[in-house]
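# sequence and predicted structure, then a few things I'm wondering about:
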Amino acid sequence: MIIVISLILHQVYLALYKNAIFKVMNLSEKIQYINWKPEYDLKLVAMNEQHKRYVDTVNLLAECINENKCSDNFLSIFHRLAYYAENQFHEEERALYQNNYPKFMEHRREHLAFIARLIAFQQQYAENGETICADMFSYLREWFEQHILMFDKDAVEYMSKGA
Ligand SMILES: [Fe+2]
Ligand SMILES: [Fe+2]
């Protein structure tokens, strides 16, 4: 009797243990969203709004990956990013140029590299489907951290000094 009870308890323990491990693995696989913080705000309201919309789009991609529905939404996410690149980069570059920003060409090269990467992602998606979604998310998050929070910030600080 004692052996039977201990066997049952052992099975229950194993089931709970596996379930716990499974949950931990699942949690660790989930993509973390970008939370907008007040310190991300730049002094140009219009630019902030566009950057916030960019973050919303990146978070939408994260949500789609987490819920395994990237393929249903890839094209709309891609179009939102293309719209961001086309409009925001153009306005930003015009402001930088008009303010004689010394790193104008360097900044513009980054924008062009983003556009080229976006087109490459679209081609990769056509060939490989949603397997590229996680890579795209990593690139977009890196862009937020390396370009928006650094390059754009530098440019806005330069322009606000001259204002
Ligand atoms: Fe920007
Ligand atoms: Fe920029």
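That came through, no problem. These numbers were taken from a predicted model, which means no experiment stands behind them. Ligands and ions are numbered 1, 2, ... in the order given.
# okay, buried residues for the strand or helix carrying residue 71 please.
Using DSSP states H and E, the element containing residue 71 is helix 70-98. Going by neighbour count (16 or more other C-beta atoms under 10 Å), the buried part of helix 70-98 is 70, 73-74, 77-78, 80-81, 84-85, 88-89, 92-93, 95-96. (C-beta placed from N, C-alpha, C; glycine too.)
# what packs against that helix?
Counting by 3 or more C-beta pairs under 8 Å, 6 or more residues apart in numbering; DSSP states H and E, the packing neighbours recorded for helix 70-98 are helix 45-66, helix 104-128, helix 133-143, helix 153-162.
# distance from the shortest one to the middle of the chain?
The offset between the C-alpha centroid of helix 153-162 and the centroid of the whole chain comes to 25 Å, using C-alpha atoms, centre = their mean, to the nearest Å.
# and ligand 2, is that helix touching that?
No - applying C-beta under 5 Å from the ion, one finds helix 153-162 separated from ligand 2 by no less than 6.7 Å.
# repeat for the first one
No - looking at helix 45-66 against ligand 2 by C-beta under 5 Å from the ion, there are no contacts, and the closest approach is 8.7 Å.
# just the buried positions in that helix, please.
Within helix 45-66, the residues that count as buried by 16+ other C-beta under 10 Å are 47-48, 50-51, 54-55, 57-59, 61-62, 64-65.
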